[in-house]
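>>> coords below, sequence missing:
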């Protein structure tokens, strides 16, 4: 089912048991490290760790496959664009020029350029699994609870959780409305041009908006009748107490970040130069 | 004993309305009572409920006079949050009021907002889950639950707060008959075991009376019209006058010329004393004629051995085979999720069958696109808001013709013609937003009719409508059927609808067609009723208890008689 992609799935692994806030801190610091460094050695270590974490979280291909392919597509596009627009970026960074294949004009394939683009590829691969894993292993309510504990207003966390709650309902509404409009003769299939389809989309969006508004009315009444927003604070059924593994995880990622950045900048440059 | 809810000379007027919605209400409800509040749409019965839980005046602003106390407090001063400790409200929309991502979280919602510590929450949630029997569902997501289960979750969600008063706003609106029966049973159990005060707002009187209520309060045009015991109320003409449907057996007794007495306990047909009435009912049965069967016409829509599944090995529909003849008006019934909507999706071509054929006027429509099918088979959805995509009525009705490139002059002509048929011609230049729910429904029907379809499929055409609006819309459909020869298929779980307006019912249970028969037969057959989550009609019990062997025949006669009475009424009102 299409609705199942990139949603939380309950499994019993060490990573699922971690608190949502812990995972978010990990994911933020990890991504920042990944973005800052171009040090191949650091990136390789991070890639290895990412893959191990991904494996441990028992994330399956069907949960993330589509999104992963989507990201891969943009990665290829990105790599190609880098080559087209700045074919000598590698030479600039590493200071040498070893031509492997001569193409035309400026566009020669150099060892340095290949190595530079390989680093970009690594950066993508160190961050992507962690992002996907964060999404599929974190219970949205529990995440809202832990955000609240970090001092962020529960309204924000709850808005995310409730949006996730109604996504399947709105999806079902959308399909129903689309069908009914198609039966009335509003062609949505690939037979019509993209522009036409966009224009006709409005005939689905309009009713969808109205029926969603009805829904919002009911939801907000229901929430108010059961006391939502009564106090500045609230407790959470799904809250997890921080355990030793949470502190260890946070400790690990902080130490790792510092170490990675030290290694990266030890020679005064973000890049590792093998040439 | 002091009343727990007391209205004294209470009048309320919404800020946006010119007239008061509640007028001089005097009503006292005592702790531990179970009271049913009935009234047609717009009578003010929902407003009355909103006054009790504080939604009036906090969510719906307006002016009030007189006094209202609930458990010694004034809701207009205490506020919605304050009242939620005393009054637990279960709303009508089983889906919309489900807030949590799982059952357990939804039940705990009120506790979370009250900063109850987690350990205590766990034990409280477990406790109420036990009461409403959802213990095994605690970690399920709302999409995995049926309508009845969602309603139980909502009940648990208010019970967890240990409120004194439970307020049910049309609890039966979205449930199939058998599930509704179970809901009434559960409410009754909570009433007895937990000693709560129960207020039920409903217009489906007969279904609520499945279990005893202490009192019925009838609201009409903002006033309390009656406030008495069910037995007393059923012996009067108040319900008919206020446009509320009486239990069917009561109507049948009246047709037979009986005058009901409160001391014969008409609240339940199973235990009513029928000695005084038996002979009259039998005499009526002998005397009333049956309709003459009309010759069968040629088929309009044939479904031949249809199979469908989303995932192979997990069939949604299996071996479905039926034939609908030109000019028929039939119902497709069965419990929620039995595959009724899938069937209409297959007919309209939104999905394709794994096996089998669909014939329209004798020819296979497998290679016809959704759009092509839409010209001969019109689909009207349950919620008009899900269909209307233009702000103006004329444009909305014209849409189907406009996208098909019909010349402007012709569009105008056909739209006006259709609007006249649907009684919407005076509103032709109005915006859709100015219409009532029932009128919007008519607009959606008009927007389909304008394409001159041969077959009309309606999904729950009367859902959530009171008796008056139900009759209006159904009489309108009947006229379309009779005067314009349009074949009408209705997907429904309203047993009154199938009984009163359709000649045949196709019953689907667990993906299989289990009956294709007259509604009178379907609703007097225990096996079919059980399998399809329907309910045997009370007319059956009346027939059996009056010693009439041919119960389906009795039901048939009743329906025919009713139709004649209605026809008569219509002719009279035309003059």
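Here it is on my side, so go on. These figures come from a predicted structure and were not determined experimentally.
>>> Residue B:357 touches residue B:347, doesn't it?
No: the criterion here is Cβ atoms under 8 Å, and residue B:357 misses it with residue B:347 at 11.5 Å. All C-beta atoms are positioned from the backbone trio N, CA, C, and that covers glycine.
>>> what residues does the stretch 1-150 of chain B put near chain A?
Residues of the stretch 1-150 of chain B lying close to chain A by Cβ under 8 Å from any Cβ of the partner chain are B:53, B:55, B:59, B:80-81, B:84, B:89, B:91, B:93, B:95-102, B:104-105, B:108-118, B:121-122, B:125, B:139, B:142-143.
>>> just the buried members of those?
B:53, B:55, B:80-81, B:84, B:89, B:91, B:93, B:95-102, B:104-105, B:108-114, B:116, B:118, B:121, B:125, B:142 (16 or more other Cβ atoms under 10 Å in any protein chain shown).
>>> and residue B:357 and residue B:347? which has more neighbours close in?
A direct count of neighbours by other Cβ atoms under 10 Å in any protein chain shown for residue B:357 and residue B:347 places residue B:347 higher, at 21 against 14.
>>> correct me, but the more buried one touches residue B:453?
No: applying Cβ under 8 Å as the test, residue B:347 and residue B:453 come out as separate, 12.0 Å apart.
>>> Residues in contact with both of those two, list them for me.
Overlap of the contact sets of residue B:347 and residue B:453 (by Cβ atoms under 8 Å, 6 or more residues apart in numbering or on different chains) consists of residue B:377.
>>> about what we covered before: which ones among the buried ones among the residues of the stretch 1-150 of chain B next to chain A map onto strands?
Among these, the members found in strands (DSSP state E) are residue B:89.
>>> now the residue in the stretch 51-200 of chain A positioned nearest to chain B: how far from residue B:343?
Distances between the stretch 51-200 of chain A and chain B by Cβ to the nearest Cβ are smallest at residue A:183, namely 3.7 Å. Distance of residue A:183 to residue B:343, computed by Cβ to Cβ, to the nearest Å: 15 Å.
>>> Not counting residues beside it along the chain, what's closest to residue A:7?
Of all residues not flanking residue A:7 in the chain, residue A:136 sits nearest, at 7.1 Å (Cβ to Cβ, 6 or more residues apart in numbering or on different chains).
>>> So that neighbour is in contact with residue A:15, correct?
No: using Cβ under 8 Å, residue A:136 makes no contact with residue A:15, being 9.9 Å away.
>>> OK, contacts around residue A:71?
Shown in contact with residue A:71 (Cβ under 8 Å, 6+ apart): A:124, A:128.
>>> quick one: it from residue A:160, how far?
Taking Cβ to Cβ as the measure, residue A:71 falls 22 Å from residue A:160.
>>> Repeat that for residue B:149.
Distance, residue B:149 to residue A:160, by Cβ to Cβ: 26 Å.
>>> Those two: who's more crowded?
Higher neighbour count among residue B:149 and residue A:160: residue B:149, with 19 against 14, using other Cβ under 10 Å.
>>> low-scoring stretches of chain A, by residue?
A:1-6, A:189-192 (pLDDT under 70).
>>> which residues of the stretch 1-150 of chain A fall in strands?
Assigned strands in the stretch 1-150 of chain A, in chain order: A:99-104, A:107-110 (criterion: DSSP state E, counting those that start in this stretch).
>>> Could you tell me the end-to-end distance of stretch A:101-114?
Terminal residues of stretch A:101-114 are spaced 11 Å apart (Cα to Cα, to the nearest Å).
>>> what comes up buried for that stretch?
Under 16+ other Cβ under 10 Å, the buried positions of stretch A:101-114 are A:108, A:110, A:111, A:112, A:113.
>>> that older thread, give me the neighbour count for the residue of the stretch 51-200 of chain A closest to chain B.
Number of residues near residue A:183 (other Cβ under 10 Å) recorded here: 28.
>>> what residues are up against it?
With contact taken as Cβ under 8 Å, 6+ apart, residue A:183 is in contact with B:348, B:350, B:370, B:371, B:373, B:374, B:377, B:378, B:379.
>>> who's in contact with the closest residue to it other than its chain neighbours?
Spatial nearest neighbour of residue A:183, excluding adjacent residues (Cβ to Cβ, 6+ apart): residue B:374 at 3.7 Å. Shown in contact with residue B:374 (Cβ under 8 Å, 6+ apart): A:182, A:183, A:184, A:185, B:348, B:400, B:451, B:453.
>>> what sits against the closest residue to the last one other than its chain neighbours?
Spelled out, that is residue B:453. The spatial neighbour of residue B:453 that comes closest, neighbours along the chain excluded (Cβ to Cβ, 6+ apart), is residue B:378 at 3.7 Å. Contact analysis of residue B:378 by Cβ under 8 Å, 6+ apart lists A:183, B:448, B:449, B:451, B:453, B:455, B:456, B:457.
>>> Going C-terminal from whichever strand or helix holds residue B:378, what's the next secondary structure element?
Per DSSP states H and E: residue B:378 is located in strand B:377-380. Using DSSP H and E, the helix or strand that follows strand B:377-380 in sequence is helix B:393-402.
>>> Which strands and helices lie in contact with that following helix?
helix B:408-421, helix B:437-449 (3 or more Cβ pairs under 8 Å, 6 or more residues apart in numbering or on different chains; DSSP states H and E).
>>> Next, the buried residues of it.
Per 16+ other Cβ under 10 Å, helix B:393-402 contains these buried residues: B:393, B:394, B:396, B:397, B:398, B:399, B:400, B:401.
>>> Kindly reformat those as a markdown table containing pLDDT.
Converted to a markdown table, the buried residues of helix B:393-402 look like this (pLDDT from 0 to 100):
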| residue | pLDDT |
| --- | --- |
| B:393 | 94 |
| B:394 | 95 |
| B:396 | 93 |
| B:397 | 95 |
| B:398 | 94 |
| B:399 | 92 |
| B:400 | 91 |
| B:401 | 93 |
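>>> Closest one of those residues to chain A?
Of all these, residue B:400 has the smallest distance to chain A: 4.6 Å, by Cβ to the nearest Cβ.
>>> Could you tell me the end-to-end distance of stretch A:51-71?
Counting by Cα to Cα, you get 16 Å between the two ends of stretch A:51-71.
>>> how about that stretch: buried residues?
Neighbour-count burial for stretch A:51-71 [16+ other Cβ under 10 Å]: A:53, A:54, A:57, A:58, A:59, A:63, A:64, A:67, A:71.
>>> Verify the contact between the fourth one and residue A:13 for me.
Yes: using Cβ under 8 Å, residue A:58 is in contact with residue A:13, at 5.3 Å.
>>> who's in contact with residue B:56?
The neighbours of residue B:56, taking Cβ under 8 Å, 6+ apart as the test, are B:12, B:47, B:50, B:62, B:64, B:75, B:76.
>>> No further questions, thank you.
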